[in-house]
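Enquirer: just a sequence and a predicted model for now, questions to come.
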Amino acid sequence: MGSQPAYASDYWQEIKPNANWHCGTTTPLHKAPAGVVGQTCIIASSSGYAQAVSVISNNSGRAIDFGSFIQSNQIYYENAHHCRPSTLNPGFQRGCLGPSVYVGCKPFTITAHSTWSVDGWGSSVTSRSYTHSC
């Protein structure tokens, strides 16, 4: 039995990464206060589903306004998944999960990119590639 895909939404939500999450490096975001980092993750299940996730953490000591969208040629093709602009207080981490898409179980590489804006400044990009198979 494979695990179920995580709930997709354009709203930011608490996240609980597990062994199905394959995350890129945490990266300081352009023009953001020190301690604000973003990353892109790919959730890939043993049942052949995959989805991309934008993850942001705020350890800056002040609230930030931010937004993101996720792109992946292998999952979302030409339509980016937009994440609603939001405010994140210090000490919190949130994720915006793209739709879960059946990609099958044959080995192939999924690449996802999150494009970020923080406090009106853009365009930081974080990325992750992951070779998926079931």
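Expert: Now that the structure is in, tell me what you want to look at.

Enquirer: switch to C-alpha atoms for all contacts and neighbour counts from now on
Expert: Will do.

Enquirer: counting neighbours, what do you get for the closest residue to residue 24 other than its chain neighbours?
Expert: Distances taken as C-alpha to C-alpha, 6 or more residues apart in numbering put residue 128 closest to residue 24, at 4.8 Å, once the chain neighbours are dropped. Neighbourhood size, residue 128 [other C-alpha atoms under 10 Å]: 20.

Enquirer: what's the answer for residue 111, then?
Expert: Residue 111 has 19 nearby residues by other C-alpha under 10 Å.

Enquirer: repeat for residue 86
Expert: The burial count for residue 86: 13, using other C-alpha under 10 Å.

Enquirer: against residue 130, how distant is it?
Expert: Taking C-alpha to C-alpha, to the nearest Å as the measure, residue 86 falls 28 Å from residue 130.

Enquirer: do the same with residue 68
Expert: In terms of C-alpha to C-alpha, residue 68 sits 20 Å off from residue 130.

Enquirer: ok, which stretches of the chain are helices?
Expert: Remark: helices of the chain are absent; assignment by DSSP state H.

Enquirer: where in it is pLDDT low?
Expert: Within the chain, the segments meeting pLDDT under 70 span 1-7, 74-78.

Enquirer: one more pass at 80, please.
Expert: Low-confidence segments of the chain, defined by pLDDT under 80: 1-9, 73-79, 123.

Enquirer: ok, residue 8 touching residue 97?
Expert: Yes - counting by C-alpha atoms under 8 Å, residue 8 sits close enough to residue 97 to count as a contact (4.7 Å).

Enquirer: between these two, which is the more surrounded one?
Expert: More neighbours surround residue 97 than the other of residue 8 and residue 97, with 28 against 17 (other C-alpha under 10 Å).

Enquirer: ok, the more buried one touching residue 54?
Expert: Yes - when contacts are counted by C-alpha under 8 Å, residue 97 is listed as touching residue 54 (6.7 Å).

Enquirer: please report the distance of residue 54 from residue 18.
Expert: Note on residue 54: its distance to residue 18, by C-alpha to C-alpha, is 15 Å.
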